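A.B. asks: structure here, sequence nowhere to be found:
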């Protein structure tokens, strides 16, 4: 009886160790997805940004643009990133992950933020206010690969 109990405890310890190692590996993979997305934004590369999203992803920016699917996201970002007013913006605080939660073995939620300034309105030519943006992204693991399934971008509004 004592031998069985010792073996059971050893097995439980081993399984807990494997689960912690897998969670650490998954957290690193999720961080890599966010880093790849950020690199795409920094290079104005809509294909690279879109590549980290699932085929059926939902993406919404702080201006109310809501997109469905990787192809629609890429098309919108291609147009956005070609605009001189958008390209004029510069990061004043690079993207950083504020919170990463592994909500299950196949889902994660990531909060991140960044600040930028220098964008101009392409229609009026007027400068836009500096932006402080928060991102909430939900990632899913499918076939061993992590992708963003949902993304919401929110800006802090500085009222004058």
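C.D. replies: Looks like it arrived, so ask away. Note that this is a predicted model, so its numbers are computed, not measured.
A.B. asks: phi first, then psi, for the residue nearest to residue 89 when sequence neighbours are not counted.
C.D. replies: Of all residues not flanking residue 89 in the chain, residue 119 sits nearest, at 3.9 Å (C-beta to C-beta, 6 or more residues apart in numbering). Quick note: C-beta positions are derived from backbone N, CA and C, even for glycine. Note on residue 119: its backbone torsions stand at phi -70, psi 150 [degrees, to the nearest 10].
A.B. asks: mind listing what residue 119 touches?
C.D. replies: Contact partners of residue 119, counting by C-beta atoms under 8 Å, 6 or more residues apart in numbering, are 85, 86, 88, 89, 127, 128, 131.
A.B. asks: what about residue 35, how many neighbours?
C.D. replies: 13 (other C-beta atoms under 10 Å).
A.B. asks: then residue 101?
C.D. replies: 12.
A.B. asks: for residue 117, same thing?
C.D. replies: Counted with other C-beta under 10 Å, residue 117 comes out at 15.
A.B. asks: which strand residues bridge it?
C.D. replies: residue 90 (DSSP bridges).
A.B. asks: how far away is it from residue 134?
C.D. replies: Counting by C-beta to C-beta, to the nearest Å, the separation of residue 117 from residue 134 is 16 Å.
A.B. asks: is it fair to say residue 125 lies in a strand?
C.D. replies: No - the assignment for residue 125 (DSSP: H, G, I helix; E, B strand; the rest coil) gives coil, which keeps it out of a strand.
A.B. asks: contacting residues for the residue lying closest to it once chain neighbours are set aside?
C.D. replies: Spatial nearest neighbour of residue 125, excluding adjacent residues (C-beta to C-beta, 6+ apart): residue 85 at 8.0 Å. For residue 85, the contact set (C-beta under 8 Å, 6+ apart) comprises 119, 120, 121, 122, 125, 128.
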